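S.K.: have a look; sequence and predicted model below, questions after that.
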Amino acid sequence: MLYPIENKVREVKNLSGIWNFKMDYNNVGIHEQWQKEPLKDAIPMAVPASYNDLFTDEKDKEHVGYVWYEKTFIIPDSWNGKRIVLRFGSATHHATVWVDGVEAAKHKGGFLPFEADITQQMEESELEEHRVTVALSNVLDWTCIPCGEVIHKEGPGYPEGFHFQETYFDFYNYAGIHRPVKIYTTPKKYIEDIVIKTETEGDRAVVKAWITSNDIIDTVKVIDESGDVVSEKAPKPWNDEDNKYYVEIEMNQPHLWNPKAAYLYKLKVVGKCDSYTETFGIRTIEVTDKAFLINGKEFYFQGFGKHEDSDIHGKGMDEALNIRDFNLLKWMGANSFRTSHYPYSEELMRLADREGFVVIDEVPAVGMCFWDGNSVFAGNRVNNDTLAHHKDMLADMYNRDKNHPCVVMWSVANEAATHEEGAVSYFKEVIETMRNLDDTRPVTMVHTTGPDGDKVSQWLDVICVNRYYAWYNDHAHLDVIGLQLEYEMEKWYRKYHKPIIMSEYGADTIAGFHKMPPVAFTEEFQCMYMEEYHKIFDKLDYMIGEHPWAFADFQTKQGLNRVDGNKKGIFTRNRQPKMAAYMLKERWTKRK
């Protein structure tokens with residue numbers, strides 16, 4: 001799926017801003033067909049944004065079920081004769097979209113884009129002003145990723161109709177239209193998709209591109225950062241298939257895309273009617289039994305698991321926040337992050353390409369594990385519908401992010417119950433699906449199960465492990481960390497002989513809380529806690545990365561172990577540093 005761009009033959013209209021909004025408290029809007037006419041008793045709502053924290057009433061913030069959005073738009077006369085597409089960057093989690101009361105799209109999955117071709121409807125309409133309506137549900141069940149279920153309770157002590165959304169992941173189930181909504185045009189004969197792969201050998205590179213287009217493609221150009229055309233070639237039909245083109249362009253002494261030293265080329269595809277320019281980087285990835293190599297050089301992941309999460313906006317895309325986060329990452333010497341636990345916005349991924357941050361791109365498969373010994377791969381929980389949706393999300397993630405040089409590895413799940421027998425066939429198929437989609441990047445998943453119980457990592461390239469020694473177990477006993485960590489990492493390596501990233505480790509920390517001697521939740525304790533991990537990371541030559549949890553404090557559902565959210569951030573939720581930020585800065589800026 002190509003990102004909407006403007007050029008001489010394509011135009012983009014951004015529908016972000018203030019929309020009409022209505023709570024569907026009784027979930028009757030679909031049955032009553034609210035889309036047939038303008039929403040009654042609507043209130044203003046910001047897009048993109050989560051709606052939850054914009055309200056002052058708990059019943060609105062914690063609403064389970066449908067909400068409705070509405071916006072009017074105008075198609076200019078200059079768009080006559082063009083293909084017109086309505087595109088949502090994301091809508092969490094189930095969306096049905098109507099244009100002038102006619103269904104245009106349906107989508108399941110809250111963190112990836114979807115679109116609808118509305119050309120014919122616009123051509124046949126006599127309306128000057130059009131209306132887009134969205135029915136959006138935040139309900140999660142066992143057919144979704146993330147997984148969840150709505151819990152109903154009745155009897156003495158419970159009010160009539162008592163229910164709530166249960167989630168099995170540690171972040172707040174924010175809902176809304178979280179990313180920009182755009183209408184864009186292409187010519188009627190248009191370029192549908194471009195897949196770019198690069199190879200290097202010595203001081204030579206080969207850029208391969210597969211183009212899907214019902215337009216006739218005349219030429220493909222590679223343009224450098226100075227704007228100069230460094231190579232140009234006419235593509236050929238790909239396997240004699242209609243609408244398929246292939247081109248292979250050789251380049252001498254190319255600039256490589258390197259971590260924190262990004263170089264971006266442009267691939268400009270020019271057809272008889274349409275044109276599209278895609279950015280790309282030239283870089284190679286290799287994994288050995290003890291190393292992760294980018295462009296032939298060993299790379300050590302130092303950065304974070306993080307969240308799209310901030311005050312007021314919730315998970316709504318915020319360009320200013322993205323810039324702030326990247327500046328903080330650069331300040332402290334970080335070089336990477338994982339999109340825990342869902343693909344982040346396209347705008348952020350494009351920024352990571354430009355800024356040279358290395359990204360582990362994670363599908364939203366979180367919440368597939370219980371912590372009380374019960375099974376998620378048995379009974380009516382994770383099932384064939386879950387698997388089908390999981391595979392759909394892998395395909396959507398790949399199709400969106402395939403050309404980003406920043407993406408160096410795919411993560412197919414976070415903290416799943418990989419010790420269960422049912423996980424074996426499930427994740428074998430998931431991992432095979434990811435490999436069939438992309439043969440250029442390694443595949444990982446993030447573990448909470450230990451090496452003795454894990455049954456699926458034989459199919460992975462890199463082992464990622466989340467561990468909280470001396471926090472959730474042996475709480476505050478820092479002297480156990482080194483012994484337990486080294487013991488477990490040795491078992492992982494002996495079992496699989498694959499490099500390991502510590503993808504999460506950390507301790508909840510209250511900003512401004514200090515005590516001598518340090519105790520849990522103080523800023524001093526957070527520093528001492530992580531330093532015990534670092535001693536072992538530096539000792540084991542197959543450890544290839546450290547991602548403390550988390551970049552910044554973030555919101556979670558209410559719970560006995562969470563006071564207004566997860567406080568494991570190295571920065572506060574409003575991006576101010578705790579002591580650990582300076583400790584990590586000193587460590588990471590010294591690493592070569």
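M.R.: Yep, that arrived.
S.K.: and the strands in the stretch 351-500 of the chain?
M.R.: If you assign secondary structure with DSSP state E, counting those that start in this stretch, the strands in the stretch 351-500 of the chain sit at 358-362, 407-414, 443-447, 462-466, 500-504.
S.K.: for the one helix or strand in the chain whose mean pLDDT sits lowest, name the packing helices and strands.
M.R.: Counting by mean pLDDT, DSSP states H and E, the weakest-scoring helix or strand in the chain turns out to be strand 236-237, with a mean of 88. Contact analysis of strand 236-237 by 3 or more C-beta pairs under 8 Å, 6 or more residues apart in numbering; DSSP states H and E lists strand 244-252 as its packing neighbours. Backbone N, C-alpha and C define where each C-beta goes, glycine included.
S.K.: surely E154 is in a helix?
M.R.: No: the assignment for E154 is coil, going by DSSP: H, G, I helix; E, B strand; the rest coil, so no helix is present there.
S.K.: check contacts around it.
M.R.: 160, 162 (C-beta atoms under 8 Å, 6 or more residues apart in numbering).
S.K.: on that earlier part again, partners of the least confident helix or strand of the chain, with directions?
M.R.: When sheet partners are counted by DSSP bridges, strand 236-237 sits next to strand 244-252 (antiparallel).
S.K.: got the buried residues for the partner strand?
M.R.: For strand 244-252, a neighbour-count test (16 or more other C-beta atoms under 10 Å) marks 244-247, 249, 251 as buried.
S.K.: show the average pLDDT along that strand.
M.R.: In this model, strand 244-252 carries a mean pLDDT of 95.
S.K.: which helices and strands does the very next helix or strand once past that strand pack with?
M.R.: The C-terminal neighbour of strand 244-252 among helices and strands, as given by DSSP states H and E, is strand 265-271. Under the contact definition 3+ C-beta pairs under 8 Å, 6+ apart, strand 265-271 sits against strand 191-201, strand 204-213, strand 217-223, strand 275-280.
S.K.: and of those strands, who's closest to C147?
M.R.: For the helices and strands packed on strand 265-271, the distance to C147 is smallest for strand 191-201, at 30.4 Å, taking C-beta to C-beta.
S.K.: quick one on the thing from earlier: need the strands of the stretch 351-500 of the chain in CSV with mean pLDDT, can you?
M.R.: Putting those into CSV (pLDDT from 0 to 100) gives the following:
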stretch, mean pLDDT
strand 358-362, 98
strand 407-414, 98
strand 443-447, 98
strand 462-466, 98
strand 500-504, 98
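S.K.: can I get those in a markdown table with distance to F326?
M.R.: As requested, these are arranged in a markdown table below (distance: least, C-beta to C-beta, whole Å):
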| stretch | distance to F326 |
| --- | --- |
| strand 358-362 | 12 |
| strand 407-414 | 16 |
| strand 443-447 | 23 |
| strand 462-466 | 23 |
| strand 500-504 | 20 |
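S.K.: could those strands be laid out in a markdown table, adding distance to F162 and mean neighbour count?
M.R.: Below are those laid out as a markdown table (distance: least, C-beta to C-beta, whole Å; neighbours: other C-beta atoms under 10 Å):
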| stretch | distance to F162 | mean neighbour count |
| --- | --- | --- |
| strand 358-362 | 34 | 26 |
| strand 407-414 | 30 | 25 |
| strand 443-447 | 34 | 26 |
| strand 462-466 | 33 | 23 |
| strand 500-504 | 34 | 25 |
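S.K.: wait, F73 touches E129, no?
M.R.: Yes: look at F73 against E129 with C-beta atoms under 8 Å: they come within range, at 7.4 Å.
S.K.: higher neighbour count, those two?
M.R.: In terms of neighbours (other C-beta atoms under 10 Å), F73 is the more surrounded of F73 and E129; the figures are 14 against 9.
S.K.: show the pLDDT at that one.
M.R.: The predicted local distance difference test score for F73 is 98.
S.K.: contacts only, for it.
M.R.: Residues near F73 by C-beta under 8 Å, 6+ apart: 13, 15, 129-132, 183.
S.K.: and S310, by the same measure?
M.R.: Going by C-beta under 8 Å, 6+ apart, the list of residues near S310 reads 318, 321, 573-574.
S.K.: mind checking the SS state of Y529?
M.R.: With three-state DSSP as the basis, Y529 sits in helix.
S.K.: turn the helices and strands packed on strand 265-271 into TSV, including distance to G512.
M.R.: As requested, the helices and strands packed on strand 265-271 are arranged in TSV below (distance: least, C-beta to C-beta, whole Å):
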stretch	distance to G512
strand 191-201	48
strand 204-213	51
strand 217-223	50
strand 275-280	42
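S.K.: in TSV: these, plus mean pLDDT, distance to H497 and mean neighbour count.
M.R.: Listed next are the helices and strands packed on strand 265-271 as TSV, based on pLDDT from 0 to 100; distance: least, C-beta to C-beta, whole Å; neighbours: other C-beta atoms under 10 Å:
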stretch	mean pLDDT	distance to H497	mean neighbour count
strand 191-201	97	27	17
strand 204-213	97	31	19
strand 217-223	97	39	18
strand 275-280	98	33	20
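S.K.: of these, which is nearest P38?
M.R.: Comparison of those against P38 by C-beta to C-beta identifies strand 191-201 as nearest, at 34.1 Å.
S.K.: which residue lies nearest the spatial centre of the protein?
M.R.: P343 (1.0 Å; C-alpha atoms, centre = their mean).
S.K.: mind checking how far it is from L267?
M.R.: When C-beta to C-beta, to the nearest Å is applied, the distance between P343 and L267 equals 22 Å.
S.K.: residue with max distance from the center of the protein?
M.R.: Of all residues in the chain, P156 has its C-alpha farthest from the mean position, at 42.7 Å, by C-alpha atoms, centre = their mean.
S.K.: show the pLDDT at that one.
M.R.: Taken from the predicted model, the pLDDT recorded for P156 is 92.
S.K.: now it: phi and psi?
M.R.: Backbone dihedrals for P156, given as degrees, to the nearest 10, come out at phi -60, psi 130.
S.K.: please apply the same query to the one 4 residues further on.
M.R.: Torsion angles at E160 (phi, psi; degrees, to the nearest 10) stand at phi -60, psi 130.
S.K.: so for it, what's the nearest residue that isn't a sequence neighbour?
M.R.: If the residues on either side of it in the chain are set aside, E160 comes closest to E154, at 7.7 Å by C-beta to C-beta, 6 or more residues apart in numbering.
S.K.: between the strands of the stretch 351-500 of the chain, which one is nearest to N26?
M.R.: For those, proximity to N26 was assessed by C-beta to C-beta; strand 407-414 is nearest, at 34.5 Å.
S.K.: what's that closest one packed up against?
M.R.: strand 358-362, helix 384-401, helix 421-437, strand 443-447, strand 462-466.
S.K.: adding distance to E199, write those out as a markdown table.
M.R.: Formatted as a markdown table, the entries for these read as follows, by distance: least, C-beta to C-beta, whole Å:
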| stretch | distance to E199 |
| --- | --- |
| strand 358-362 | 19 |
| helix 384-401 | 19 |
| helix 421-437 | 18 |
| strand 443-447 | 20 |
| strand 462-466 | 21 |
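S.K.: quick one: which of the ones you listed is nearest K188?
M.R.: For K188, the closest of these is helix 384-401, at 22.5 Å, according to C-beta to C-beta.
S.K.: gap between the residue farthest from the centre of the chain and F162?
M.R.: 12 Å.
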